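In: Everything below, folded, please.
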Amino acid sequence: MATTEIGLLLFTAVSFGMDAAMRKIPNALVAAGVLLATALHGCAPDGSGWFIPAVGALAGIACAMPLYASGAIAAGDAKWFAAAGAFAGPAGGAGLVLGSVLAAGTLAACTLAFSGTFRRRCSEFAAGWYIRAGRSKWKAPAGVGTKFPFLLCAGPVAVVYVLWR
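Out: Prediction:
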């Protein structure tokens with residue numbers, strides 16, 4: 001296991017704990033993660049230097065920005081993807097975002113499937129769709145939705161990414 005992979009695991013563990021406890025990922029932690037990733041890549045025997053972490057951070061934040069813009073993740077999660085991309089490199093940063101979205105979708109589908117209100121929501125959606133067909137879009141009622149720390153999905157994906165490599 002490379003030092004950058006160990007760094008990613010440590011950064012993920014600290015971020016995971018802070019996100020679960022405080023529901024925020026501090027800017028100082030993200031900055032420290034990017035600096036650590038740059039230092040570890042700079043000392044790597046393959047000589048990747050600062051270029052791989054810079055491009056990886058750009059890939060991570062670029063892939064996470066549509067999620068942030070749509071309100072699916074918070075700013076701290078988007079910044080975490082930038083720092084994780086600095087550790088993992090460009091392909092790894094993009095892969096972490098994609099894997100995390102798939103994990104979050106799977107978690108949401110399982111939560112919905114085992115929810116007691118699933119059948120009711122489906123029938124409400126179907127009734128609204130048939131009644132309003134073509135006239136207006138169906139919108140979820142106010143207050144519907146569950147917020148959770150996105151790192152609950154991104155953290156395990158980062159661990160699997162490191163172990164799979």
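
In: Show me what counts as buried in whichever strand or helix holds residue 56.
Out: Applying DSSP states H and E as the criterion places residue 56 in helix 51-69. By 16 or more other Cβ atoms under 10 Å, the buried positions in helix 51-69 come out as 52-57, 59-64, 67-68. C-beta: built from backbone N, CA, C; applies to glycine.

In: Run the chain-centre distance for that helix.
Out: 11 Å (Cα atoms, centre = their mean, to the nearest Å).

In: Which secondary structure elements does it sit against?
Out: helix 27-42, helix 75-113 (3 or more Cβ pairs under 8 Å, 6 or more residues apart in numbering; DSSP states H and E).

In: Kindly export that helix (C-alpha atoms) in PDB.
Out: What follows is helix 51-69 as a C-alpha-only set of coordinates in PDB (Å, rounded to 0.1, in the frame of the first residue of the first chain):
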ATOM      1  CA  PHE A  51       1.100  17.900 -10.800                       C
ATOM      2  CA  ILE A  52      -0.900  14.700  -9.900                       C
ATOM      3  CA  PRO A  53      -2.400  16.200  -6.700                       C
ATOM      4  CA  ALA A  54      -3.300  19.400  -8.500                       C
ATOM      5  CA  VAL A  55      -5.000  17.700 -11.400                       C
ATOM      6  CA  GLY A  56      -6.600  15.200  -9.000                       C
ATOM      7  CA  ALA A  57      -8.100  18.000  -6.900                       C
ATOM      8  CA  LEU A  58      -9.400  19.700 -10.000                       C
ATOM      9  CA  ALA A  59     -11.000  16.500 -11.200                       C
ATOM     10  CA  GLY A  60     -12.600  15.800  -7.800                       C
ATOM     11  CA  ILE A  61     -14.000  19.300  -7.400                       C
ATOM     12  CA  ALA A  62     -15.100  19.500 -11.000                       C
ATOM     13  CA  CYS A  63     -17.000  16.200 -10.700                       C
ATOM     14  CA  ALA A  64     -18.600  17.200  -7.400                       C
ATOM     15  CA  MET A  65     -19.700  20.700  -8.500                       C
ATOM     16  CA  PRO A  66     -22.800  19.600 -10.300                       C
ATOM     17  CA  LEU A  67     -23.900  17.700  -7.100                       C
ATOM     18  CA  TYR A  68     -23.200  20.800  -5.000                       C
ATOM     19  CA  ALA A  69     -25.000  23.100  -7.500                       C
END
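
In: quick check: angle from that helix to helix 27-42?
Out: Angle between the axes of helix 51-69 and helix 27-42 is 150 degrees (criterion: axes from the mean of the first three to the mean of the last three Cα atoms, to 10 degrees).
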